[in-house]
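*Asks:* sequence below, structure please.
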Amino acid sequence: MQNDEDKRITSAKEENEDKVLDLSLRPKKLNEYVGQDKIKENLRIFIQAAQNRGEPIEHVLLYGAPGLGKTTLAHVISNEIGSGIRITSGPAIEKSGDLAAILTNLSEGDILFIDEIHRLNKNIEEILYPAMEEYALDIIIGKGPSARTLRIDLPRFTIIGATTKVSSLSAPLRDRFGTTYHLNFYEHDDIEKIINRSAKILDVSLDQEPVKEIAKRSRFTPRVANRLLKRVRDYCEVKGDGKVDNDLTKKAFDMLEVDEVGLDWIDRKILEVIIDKFGGGPVGLNTIAAATGEDMSTIEDVYEPYLMRLGFLDRKPRGRVVTDIARKHLGRKRKE
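*Replies:* Residues are numbered from 1 along each chain as shown. A predicted model of the protein is given here:
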């Protein structure tokens, strides 16, 4: 029987355990931040130019898959410009008063980081527009004919918005960001560098072979790599002398049921169900959900993207199809 923790070991979504881990492993400056080289170079110029003019940086929009470092990058930007940072999320700002309280407590040059900004209430967006453009907050006092608008001047601040679904942002909100950066999945070499850096901070002794094994299973995502490193460390401390070697690393992944390309048991179940019950497809998403017992949106948003990135699953007009690459990985031959 699988528990929820095992089920989520390769998920890029932030879990409670990741919050403490991310804080301890988070780089402070751009030169410590591994990967995303083009974004880093653009940010250096962007920040330096604003500092030369004595102005706060323009509003920044960061988008990309979960676990790629959007929150980390926001903190890095804050450290680079030497400003304070206030953190909130789209769903947390429910009323105009919530936004007003946050904005009026900012200091000159501060950063307001809004995670999941695509989930902002539309009414909140309307109030945010003049705040982003004119550094002013328009508050409506009273109701009906006696209602009046009160304008509050705000310090010059910067909003950094983060989203996994940039297409869900309204066009007016997107247009108010001065610059937009797309965080890509990481290269294998960069993931290895992140694992090595994290191992030093966590005081984990490991050879280069285990680093490669963890990197292969990381789904090109730093958050997953760090979580896997932590689990391997725990296994080696209990089953060995604490040193992470290749043999114990592979045994740890066997126990966690994470294979050499980062598939967990649910990923494999989805592929095997399509092969065994539907001849490899095409099959509709709702049918896959019913056959696997997984939620349809979870399959589409969580599991499918990585399977498609590996080339294991393909979307056809009539439904999903398991590819020959996936069959080879699973050791399943196509029936003639």
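
*Asks:* and for Pro210, the neighbour number?
*Replies:* Pro210 has 25 neighbours, counted by other C-beta atoms under 10 Å. C-beta coordinates here come from the backbone N, C-alpha and C atoms, glycine included.

*Asks:* pLDDT wise, what is it at?
*Replies:* pLDDT recorded at Pro210 is 92.

*Asks:* can I get the helix or strand containing it in CSV, CA atoms only?
*Replies:* Secondary-structure element containing Pro210, defined by DSSP states H and E: helix 208-216. Extracted in CSV, the C-alpha atoms of helix 208-216 (Å, rounded to 0.1, in the frame of the first residue of the first chain):
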residue,chain,number,x,y,z
GLN,A,208,29.8,11.5,-8.1
GLU,A,209,28.0,8.3,-9.2
PRO,A,210,25.1,8.8,-6.7
VAL,A,211,24.9,12.4,-7.9
LYS,A,212,24.4,11.2,-11.5
GLU,A,213,21.7,8.7,-10.3
ILE,A,214,19.8,11.4,-8.4
ALA,A,215,20.1,13.8,-11.3
LYS,A,216,18.7,11.3,-13.8
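
*Asks:* quick one: work out the angle between the helix or strand just after it and helix 208-216.
*Replies:* Note on helix 208-216: by DSSP H and E, the next helix or strand toward the C-terminus is helix 222-239. Counting by axes from the mean of the first three to the mean of the last three C-alpha atoms, to 10 degrees, helix 222-239 lies at 130 degrees to helix 208-216.

*Asks:* how about helix 222-239: buried residues?
*Replies:* Applying a neighbour-count criterion of 16 or more other C-beta atoms under 10 Å, one finds 222-233, 235-236 buried in helix 222-239.

*Asks:* pLDDT of it, averaged?
*Replies:* Mean predicted confidence for helix 222-239 is 89.

*Asks:* I'd like the next helix or strand past it.
*Replies:* Immediately after helix 222-239, counting by DSSP H and E, sits helix 246-256.

*Asks:* now do that following helix: distance to the chain's middle.
*Replies:* Helix 246-256 sits 26 Å away from the centroid of its parent chain (C-alpha atoms, centre = their mean, to the nearest Å).

*Asks:* quick one: list the elements packing against it.
*Replies:* Judged by 3 or more C-beta pairs under 8 Å, 6 or more residues apart in numbering; DSSP states H and E, helix 246-256 is in contact with helix 208-216, helix 222-239.

*Asks:* what's in contact with that helix?
*Replies:* 6, 9, 207, 209-210, 213-214, 217, 231-232, 235-236, 239-240, 259, 264 (C-beta atoms under 8 Å, 6 or more residues apart in numbering).

*Asks:* hmm, back to that, CSV for the helices and strands packed on helix 246-256, including distance to Gly161?
*Replies:* Output for those, formatted as CSV (distance: least, C-beta to C-beta, whole Å):
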stretch, distance to Gly161
helix 208-216, 30
helix 222-239, 19
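
*Asks:* between these, which gets nearest to Ser107?
*Replies:* Nearest of the helices and strands packed on helix 246-256 to Ser107, taken as C-beta to C-beta: helix 222-239 at 30.5 Å.

*Asks:* what's the angle from the closest one to helix 246-256?
*Replies:* 110 degrees.

*Asks:* all further residue positions should be reported with the first residue as 2.
*Replies:* With 2 as the first residue, the last one maps to helix 223-240.

*Asks:* and helix 223-240, what does it pack against?
*Replies:* helix 17-26, helix 189-203, helix 209-217, helix 247-257.

*Asks:* which of those helices sits most buried?
*Replies:* Neighbour counts (mean count of other C-beta atoms under 10 Å) averaged over each of those peak at helix 209-217, with a mean of 20.

*Asks:* show me what that one is packed up against.
*Replies:* So helix 209-217, by 3+ C-beta pairs under 8 Å, 6+ apart, packs with helix 189-203, helix 223-240, helix 247-257.
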